[in-house]
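> Just a sequence and a predicted model for now, questions to come.
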Amino acid sequence: MSTEQTQGSSKKWIVLFVPLMLFVVLVVFLLKGLGDDPTHLESVLIDKPVPAFTAEDLFDPTEQHSEQVLKQGPLLLNVWATWCPTCRAEHEFLNELAAQGIPIVGLNYKDDSRGKAMDWLNTLGDPYTVNLYDPEGKVAFEFGVYGAPETYFIDAQGRVRYRHVGDVNPRNWENQLKAVYQQMVKEAKQ
């Protein structure tokens, strides 16, 4: 066999092998993703203290809040915005949780108008014990927020215990989130 023939057959083999290998790698990557829960994003803050921050109160811009408002747990920190349709979908259920005595701190995220956010709460109900206003997303950045809605479960020591991405609704509350909250309450009583 000549050198030209050997090089020609090597090129054919490479032309067939490389696309096949790329296809196999892509299939494996996609199949791995099928089993992942899109509402569960790991957070570097899990089991760590809430980050330090200051934020204005939504209703009273002269009042400043710090991370201390999150050290009165167990509680939920709910990141929401008026421009977020999923936040609107979850809002009624958050009102139900608050009526059951579950403390929720609201973090209004990147709303361009304080007035819109206040109107939202005055119209749809205010489930929040404290309303933090974060128009530039600085506080949310400290928590690693990807977008709204996100909810952080914070224990009595002010540590982030769980991060839920997406809406909190009756189904995921009963199937998973309620147990996380109840565990934090149980630990706080010990």
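Right, received. Where do you want to start?
> burial of residue 168, as a residue count?
21 (other C-beta atoms under 10 Å). Just so you know, the C-beta spots here come from the backbone N, C-alpha and C atoms, and that holds for glycine as well.
> wait, residue 96
Neighbours of residue 96 using other C-beta under 10 Å come to 14.
> That one belongs to a helix?
Yes: according to DSSP: H, G, I helix; E, B strand; the rest coil, the state of residue 96 is that of a helix.
> so how far is residue 84 from it?
To residue 84, residue 96 is 19 Å away according to C-beta to C-beta, to the nearest Å.
> Tell me which other helices or strands the one helix or strand residue 92 maps to touches.
Secondary structure from DSSP states H and E places residue 92 in helix 85-99. Applying 3 or more C-beta pairs under 8 Å, 6 or more residues apart in numbering; DSSP states H and E, one finds that helix 85-99 contacts strand 75-80, strand 104-109, helix 114-124.
> following the helix or strand of the chain with the lowest mean pLDDT, which helix or strand comes up?
Ranked by mean pLDDT, DSSP states H and E, the weakest helix or strand in the chain is helix 3-34, scoring a mean of 55. Later in the chain than helix 3-34, the nearest helix or strand by DSSP H and E is strand 48-49.
> Would you mind pulling the contact partners of that following strand?
67, 157-160 (C-beta atoms under 8 Å, 6 or more residues apart in numbering).
> Can you name the next helix or strand after that strand?
strand 54-57.
> Just checking: what are the partner strands of that following strand?
strand 64-66 (antiparallel), strand 130-134 (antiparallel) (DSSP bridges).
> ok, now how distant is the spatially closest residue to residue 103 that is not a sequence neighbour from residue 114?
Leaving out its chain neighbours, the residue that sits closest to residue 103 by C-beta to C-beta, 6 or more residues apart in numbering is residue 75, at 4.1 Å. According to C-beta to C-beta, residue 75 and residue 114 sit 23 Å apart.
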